[in-house]
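Student: could you look at this predicted model? Sequence included:
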Amino acid sequence: MGAQHVDAVVIGAGFGGIYQLHLLKNELGLSVKAFEKGSGIGGTWFWNRYPGALSDTEARAYRYFFDDELLVADEWTHRYLTQRQVLSYLERVVDHYDLRGDIVLNEEVDSAVWDDEDSVWRVRTSAGTEVTARYLVTALGLLSRVNIPDFPGMESFAGRIVHTGAWPEDLDLSGKRVGVIGTGSTGTQLSLAASRIASDLTVFQRRPQYNVPSGNGPIAEADIAEFRSSFGEIRGQIWSSDLAYGFVESTKPYADFTPEEREAVLERGWQRGNAFRFMFETFSDIAEHDDANEAAADFIRRKIAQIVTDPETARLLSPTEPYARRPLCNAGYYEMFNEPNVHLVSLLETPIDRIVPEGIRTSDGVVHELDVIVLATGFDAVDGNYLKMDIRGRGGLSIRDAWADGPRSYLGISTYGFPNMFMILGPQSPFCNLPPAIETQARWIASAVSHTEQSSSGVFEVDERAQSQWLDECQELSDHYVFGKTDSWIYGANIPGKLNRVVFYMGGLKAYATRANNEASAGFPAFAESASAEKELTA
Ligand code: FAD
Ligand code: NA7
């Protein structure tokens, strides 16, 4: 059977793929097919079903903002959304916009190859389906390809080993001896939930991180009603802010406060709860200046010492690195270590030697006996899913070669050498609350597609110079911030062997959206030279 032809293929059915499908199908009237390798829609919220999985963006800002009609159907209960709530929200969006029939589940796109002659993408899936399309939108997810470290002896374990990002429905941790490797956002959420039901929980921590309270709790009906009535204003505030988390970021630096005021500001932030509020609503420069950063770090270390009753456990939990990773929040994380069934193992002091049938053996010879080992070891972030696929652009150029010195793009959307391919949350996209960034990019992509539909060439490709300038700008912006001072997925530095590279635009959503909108309203000047780029590449 020959390949089916559609106007556009979308890969991925998370927040990004769903909205893009809606725009291309319902607003531009194109024929679209979306492929999703999971057996359901939802992306992150389909895969991450581990106990305790929660958004750490507040519910009011973790949603689409284009869908005023769906507001009434929101199901909030608490300040943050559970995995189930986000997933059922996305299910409702898919039904409301009649998208289900356009999404093919259980099919992973293995390859997408640009045909220079016919100016189409030839797409092939794991099920052998072949489709050609004039446009390809990759909404593969930036925290989606799981990172499974290669611990010696893994295959010998007599119990179950699971990764949080591929959580099996049938796994119940009740009454089990659970070991959790990893203490990022995921590991801390999972550990808190597991500590309440497991007979014993052992947390295997490598580098300790800074946690602040989340302040999670029930939301009053009146607050939800207030949200609904001021939806337009909230939307406006989000797009006029840097981080898009739905609060007003501080503009007052640490140096402008007296010592007493500084302590009071941090204490208010701690009581208010939420990681991003603590980092960005208190002083304006915790993520920029060493003195402000150290003040916040010292404040949290003092809290750990007050909360954790065993001084040795408190010492092991206290980070010495700068407060420079994606900030974390939880309800009662440090308090959890006062519970008799919770144990902490510092992998900095006693690294994992090997996994044995009974559990995990550390370098001190101790075997930590376990029924379940949970890998909360994160993701091969941002470009992980791209490099897994065989994507070939103009002249057969492989994305793995094009990105050999690090992934690159213009606006996080378009990458040189790959015409008519559009990425959602591609490398160098904004660092912020992600649904608003996704919306901005998906709308931009729809307008670029519409522009291309009316062009004589039918081909849309970024100029290489615009891409290099964008990369330089991202590098410069990133140098202002502390995040590069520690290794983490923000720089792709959590995966052994990966280069530490700039994968985010740190200029904020407001500046990003202005840039992107200006590009579109000026008729896409950064794409004007695609015809000459074509000659160079194919020469
Ligand atoms: P995803 O939701 O990751 O969807 C991508 C989809 O593409 C996946 O379903 C995947 O299966 C599919 N796919 C990939 N490759 C292929 C292929 N080759 N073929 C077919 N299908 C493919 N962000 C926030 O802003 N705030 C939060 O509070 C927040 N909490 C999070 C909590 C967790 C546990 C995790 C893991 C992430 C969190 N994030 C949060 C980030 C979150 O990923 C984004 O907010 C958002 O869900 C991303 O949507 P997406 O559509 O871009 O990607
Ligand atoms: P993260 O933030 O990348 O955290 C992964 C954790 O796993 C972190 O504590 C790592 O320790 C630990 N890890 C990773 N590899 C190993 C090995 N080999 N040995 C021991 N420990 C290891 O991933 P999350 O899933 O928590 O969060 C990612 C984002 O998803 C998050 O920001 C939210 O947006 C949702 P390390 O700190 O590197 O020493």
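Tutor: The structure has been received and is ready for your questions. Ligands and ions are numbered 1, 2, ... in the order given.
Student: walk me through which strands the one helix or strand residue 137 maps to pairs with, and which way each runs.
Tutor: Residue 137 is part of strand 130-138 when elements are defined by DSSP states H and E. Paired strands of strand 130-138, with direction, are strand 4-11 (parallel), strand 120-125 (antiparallel), strand 421-423 (parallel) (DSSP bridges).
Student: can you give me the buried ones in that strand?
Tutor: In terms of neighbour count (16 or more other C-beta atoms under 10 Å), strand 130-138 has its buried residues at 131, 132, 133, 134, 135, 136, 137, 138. Heads up, the C-betas are built off the backbone N, CA and C, glycines and all.
Student: for these, give me TSV that also has distance to ligand 2 and pLDDT.
Tutor: TSV is the format used below for the buried residues of strand 130-138 (distance: C-beta to the nearest ligand atom, whole Å; pLDDT from 0 to 100):
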residue	distance to ligand 2	pLDDT
131	31	98
132	35	98
133	30	98
134	33	98
135	29	98
136	26	98
137	22	98
138	19	98
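Student: out of the residues you listed, which is nearest to residue 195?
Tutor: residue 138 (38.2 Å; C-beta to C-beta).
Student: ok, what's across the strand from that closest one?
Tutor: Applying DSSP bridges, one finds that residue 138 bridges with residue 11, residue 423.
Student: residue contacts, it?
Tutor: Taking C-beta atoms under 8 Å, 6 or more residues apart in numbering, we find residue 138 in contact with 11, 12, 112, 386, 391, 421, 422, 423, 424, 426.
Student: so which of those wins on neighbours?
Tutor: residue 424 (31 neighbours; other C-beta atoms under 10 Å).
Student: tell me if I'm right that that one and residue 443 touch.
Tutor: No. Using C-beta atoms under 8 Å, residue 424 makes no contact with residue 443, being 10.9 Å away.
Student: what about residue 220, how many residues close to it?
Tutor: Counted with other C-beta under 10 Å, residue 220 comes out at 8.
Student: check what pLDDT it gets.
Tutor: With respect to pLDDT, residue 220 scores 92.
Student: how near is it to ligand 1?
Tutor: As judged by C-beta to the nearest ligand atom, to the nearest Å, residue 220 and ligand 1 stand 22 Å apart.
Student: so which bits of the stretch 151-300 of the chain are right by ligand 1?
Tutor: Counting by C-beta under 6 Å from any ligand atom, the stretch 151-300 of the chain comes close to ligand 1 at residue 186.
Student: all helices of the stretch 151-300 of the chain, in order?
Tutor: Along the stretch 151-300 of the chain, the segments classed as helices by DSSP state H, counting those that start in this stretch run 185-197, 221-229, 231-239, 259-272, 275-280, 290-307.
Student: identify, out of these, the most deeply packed stretch.
Tutor: Of the helices of the stretch 151-300 of the chain, the one with the most neighbours on average (mean count of other C-beta atoms under 10 Å) is helix 275-280, at a mean of 24.
Student: on contacts alone, who are the packing partners of that helix?
Tutor: helix 259-272, strand 328-330 (3 or more C-beta pairs under 8 Å, 6 or more residues apart in numbering; DSSP states H and E).
Student: would JSON lines of these with mean pLDDT be doable?
Tutor: Output for the helices and strands packed on helix 275-280, formatted as JSON lines (pLDDT from 0 to 100):
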{"stretch": "helix 259-272", "mean pLDDT": "98"}
{"stretch": "strand 328-330", "mean pLDDT": "98"}
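Student: re earlier: dump the strands paired with strand 130-138 into a markdown table; add distance to residue 61 as well.
Tutor: Formatted as a markdown table, these follow (distance: least, C-beta to C-beta, whole Å):
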| stretch | distance to residue 61 |
| --- | --- |
| strand 4-11 | 24 |
| strand 120-125 | 34 |
| strand 421-423 | 23 |
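Student: most neighbours per residue, which of the ones you listed?
Tutor: Using mean count of other C-beta under 10 Å, strand 421-423 ranks as the most buried of these, with a mean of 26.
Student: the next helix or strand after it and ligand 1, are they touching?
Tutor: Following strand 421-423 in sequence order, the next helix or strand is strand 429-430 (DSSP H and E). No. In terms of C-beta under 6 Å from any ligand atom, no part of strand 429-430 sits within range of ligand 1; the closest distance is 9.4 Å.
Student: how distant is strand 429-430 from the center of its chain?
Tutor: The chain centre lies 11 Å from the centre of strand 429-430; the measure is C-alpha atoms, centre = their mean, to the nearest Å.
Student: now the very next helix or strand once past that strand: buried residues?
Tutor: With elements assigned by DSSP H and E, the helix or strand that comes after strand 429-430 is helix 434-454. For helix 434-454, burial by neighbour count (16+ other C-beta under 10 Å) applies to 434-449, 452.
Student: need the helices of the stretch 151-300 of the chain in TSV (columns: distance to ligand 2).
Tutor: Formatted as TSV, those follow (distance: least, C-beta to the nearest ligand atom, whole Å):
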stretch	distance to ligand 2
helix 185-197	3
helix 221-229	23
helix 231-239	18
helix 259-272	19
helix 275-280	9
helix 290-307	15
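Student: out of the buried residues of helix 434-454, which touch ligand 1?
Tutor: Answer for the buried residues of helix 434-454 near ligand 1 (C-beta under 6 Å from any ligand atom): 434, 438.
Student: can you name the residues bridging to residue 104?
Tutor: With DSSP bridges as the rule, residue 104 is bridged to residue 35.
Student: ok, it to residue 38 distance?
Tutor: 11 Å (C-beta to C-beta, to the nearest Å).
Student: could you do residue 207 as well?
Tutor: 31 Å.
Student: centroid residue for the chain?
Tutor: residue 143 (4.4 Å; C-alpha atoms, centre = their mean).
Student: quick one, phi psi at that residue?
Tutor: phi -130, psi 70 (degrees, to the nearest 10).
Student: contacts only, for it.
Tutor: By C-beta under 8 Å, 6+ apart, the neighbours of residue 143 are 44, 165, 378, 379, 381, 489.
Student: who's in contact with the last one?
Tutor: Spelled out, that is residue 489. 143, 326, 378, 379, 381, 382.
Student: which two from the residues you listed end up farthest apart in space?
Tutor: Going by C-beta to C-beta, the pair spanning these furthest: 326 and 382, at 12.8 Å.
Student: looking only at neighbour counts, state which of those two leads.
Tutor: Using other C-beta under 10 Å as the criterion, residue 326 and residue 382 rank with residue 382 on top: 28 against 17.
Student: so where does the more buried one fall, helix or strand?
Tutor: Using DSSP H and E, residue 382 falls outside every helix and strand.
Student: let me know the pLDDT of it.
Tutor: 95.
Student: that one contacts residue 503, doesn't it?
Tutor: Yes. Under the contact definition of C-beta under 8 Å, residue 382 touches residue 503, with a separation of 4.5 Å.
Student: okay, and the common contacts of the two?
Tutor: With C-beta under 8 Å, 6+ apart as the test, residue 382 and residue 503 both reach 407, 427, 492.
Student: tabulate those (TSV), appending neighbour count.
Tutor: TSV is the format used below for the shared contacts of residue 382 and residue 503 (neighbours: other C-beta atoms under 10 Å):
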residue	neighbour count
407	25
427	25
492	22
